[in-house]
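> sharing a model prediction with you, sequence too.
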Amino acid sequence: MDAGLAGLIGALGGGIIGGAGASVAALIAFRGARYQADQQRRGTHEQWLRQMRREAYGGFLTHADAARAAFGKGLARRTAAVRLTVEELNTLASAAEGMQRTASFLALDVAPDLHAKARELGIFAKDLHFMLSLPEQVFTYRELMGKWVGSYEDLVGRFSASVQELDGGGRARPEGRAGAAGH
């Protein structure tokens, strides 16, 4: 074999080995970039989920706080044997309806048990509105209000724990979205 052919074979072998090394390096770089993009996408999705959950909870709790204040005022008036005005009854009805409306939005963003509890609280608020609109006191308002406030405080605690679960780096439970939507 002459020197020219040996040089050509050596150059060809070096080129093949160099090309293979460059291909492997490109594949590793591609997989690393893909992994990083997936991690960023997951982080962005979790941040979006936390924001949606906070907005859903906030909307519900805004109406629940209004209902709690209105029920407290209504309870004080009924305890003093004073009928509620049409405006006060409308405030109670609006707060109860707002709770029920925003509770339906929670079905998309929270675990089914939290949605069920929020829905139950909204129905309870509607019932309290009805009972406070009755002309005569036929039940113990304080007892009912105490039950409503207890349910409300339990739900607030559960909402808070749900958001903290996400804030702590925990994953949202898959049944929170898909289970509530019926998928």
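Okay, I see it.
> what residue lies at the spatial centre of the protein?
What sits nearest the mean C-alpha location of the chain, by Cα atoms, centre = their mean, is Arg53, with 2.4 Å.
> that one reaches Glu165, doesn't it?
No. Under the criterion of Cβ atoms under 8 Å, Arg53 makes no contact with Glu165, lying 9.8 Å away. In short, each C-beta sits where N, CA and C put it, glycine included.
> quick one on the thing from earlier: got the phi and psi for the residue nearest to the residue nearest to the centre of the chain when sequence neighbours are not counted?
In space, and not counting its chain neighbours, Arg53 is closest to Asp109: 5.1 Å by Cβ to Cβ, 6 or more residues apart in numbering. Backbone torsions of Asp109, given as degrees, to the nearest 10, read phi -120, psi -10.
> quick check: the gap between Asp109 and Arg54.
9 Å (Cβ to Cβ, to the nearest Å).
> stretch 102-116 spans what distance, first to last residue?
One end of stretch 102-116 sits 12 Å from the other (Cα to Cα, to the nearest Å).
> can you tell me the helix or strand for the residue nearest to the centre of the chain?
Under the criterion DSSP states H and E, the helix or strand holding Arg53 is helix 3-79.
> what's that helix packed up against?
Secondary-structure packing of helix 3-79 (3 or more Cβ pairs under 8 Å, 6 or more residues apart in numbering; DSSP states H and E): helix 86-109, helix 112-133, helix 141-167.
> as CSV, these with mean neighbour count and distance to Phe60 would be great.
Formatted as CSV, the entries for the helices and strands packed on helix 3-79 read as follows, by neighbours: other Cβ atoms under 10 Å; distance: least, Cβ to Cβ, whole Å:
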stretch, mean neighbour count, distance to Phe60
helix 86-109, 18, 4
helix 112-133, 19, 6
helix 141-167, 15, 8
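> pick out the shakiest of these, pLDDT-wise.
Mean pLDDT across the helices and strands packed on helix 3-79 is lowest at helix 141-167; the value there is a mean of 76.
> tell me how far that helix lies from the chain's centre.
Here helix 141-167 shows a centroid-to-chain-centroid distance of 15 Å under the convention Cα atoms, centre = their mean, to the nearest Å.
> with stretch 62-80 instead?
With Cα atoms, centre = their mean as the basis, the distance from the averaged C-alpha position of stretch 62-80 to the chain average is 27 Å.
> give the rounded mean pLDDT of that stretch.
Model confidence over stretch 62-80 averages 79 on the pLDDT scale.
> what does that stretch rub up against?
By Cβ atoms under 8 Å, 6 or more residues apart in numbering, the residues outside stretch 62-80 that reach it are 83-84, 88, 91-92, 94-96, 98-99, 101-102, 121, 125, 128, 132, 137, 141-142, 145, 148-149, 152, 155.
> kindly export stretch 37-48 (C-alpha atoms) in PDB.
Only the C-alpha atoms of stretch 37-48 are listed here, as PDB (Å, rounded to 0.1, in the frame of the first residue of the first chain):
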ATOM      1  CA  ALA A  37     -38.400  23.300  27.300                       C
ATOM      2  CA  ASP A  38     -40.500  20.600  28.900                       C
ATOM      3  CA  GLN A  39     -39.600  21.700  32.400                       C
ATOM      4  CA  GLN A  40     -40.300  25.300  31.500                       C
ATOM      5  CA  ARG A  41     -43.700  24.300  30.000                       C
ATOM      6  CA  ARG A  42     -44.600  22.400  33.100                       C
ATOM      7  CA  GLY A  43     -43.600  25.300  35.400                       C
ATOM      8  CA  THR A  44     -45.700  27.700  33.300                       C
ATOM      9  CA  HIS A  45     -48.700  25.400  33.400                       C
ATOM     10  CA  GLU A  46     -48.500  24.900  37.100                       C
ATOM     11  CA  GLN A  47     -48.200  28.700  37.600                       C
ATOM     12  CA  TRP A  48     -51.300  29.200  35.300                       C
END
